[in-house]
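K.L.:
predicted structure and sequence below. I'll ask about it afterward.
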Amino acid sequence: MTPTFALTVRLEVVETDYAAFFVAVRANAAQSVAAEPGCLRFDVLMPVQGPAGSVLLYEIYSDRSAFERHLRSEHFLTFDAVTRSMILSKTVDFFSVTENAKT
């Protein structure tokens, strides 16, 4: 099995924009999985406890080029433009994936 490409994106969102950001990021995640064959998983994680405004994205793509296509997709570009002013900080980390999952 060929390892897949993954990333996490840790975001701190302006607290007053959190609800609007959550709607936008959930729509972007759903469109990514539905419309991009190379997007295998896109989870939006919200802390059970912790700082208000924290969001962690966990995305898996078939390869790096699938992720790069995601960054050029219309739905991502729209999401990025709409939410850019809502984000206080962003940290992105890249990974190779070996899955251990129930099927």
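P.N.:
Arrived safely, thanks for sending. Residues are numbered from 1 along each chain as shown.
K.L.:
all contacts plus neighbour counts: C-alpha atoms, from now on.
P.N.:
OK.
K.L.:
residue contacts, the most centrally placed residue in the chain?
P.N.:
Geometric centre of the chain, nearest residue: Leu57, 4.0 Å, by CA atoms, centre = their mean. When contacts are counted by CA atoms under 8 Å, 6 or more residues apart in numbering, Leu57 touches Leu7, Thr8, Val9, Arg10, Phe42, Asp43, Val44, Leu45.
K.L.:
again, only this time at 7 Å
P.N.:
By CA atoms under 7 Å, 6 or more residues apart in numbering, Leu57 lies in contact with Thr8, Val9, Arg10, Asp43, Val44, Leu45.
K.L.:
likewise Ile60?
P.N.:
Neighbour list for Ile60: Thr4, Phe5, Ala6, Leu7, Cys39, Leu40, Arg41, Phe42 [criterion: CA under 7 Å, 6+ apart].
K.L.:
switch the cut-off to 10 Å
P.N.:
Neighbouring residues of Ile60 by CA atoms under 10 Å, 6 or more residues apart in numbering: 4-8, 33, 38-43, 66-67, 94-97.
K.L.:
list the buried residues in the helix or strand containing it.
P.N.:
Under DSSP states H and E, the secondary-structure element containing Ile60 is strand 54-61. For strand 54-61, burial by neighbour count (16 or more other CA atoms under 10 Å) applies to Ser54, Val55, Leu56, Leu57, Tyr58, Glu59, Ile60, Tyr61.
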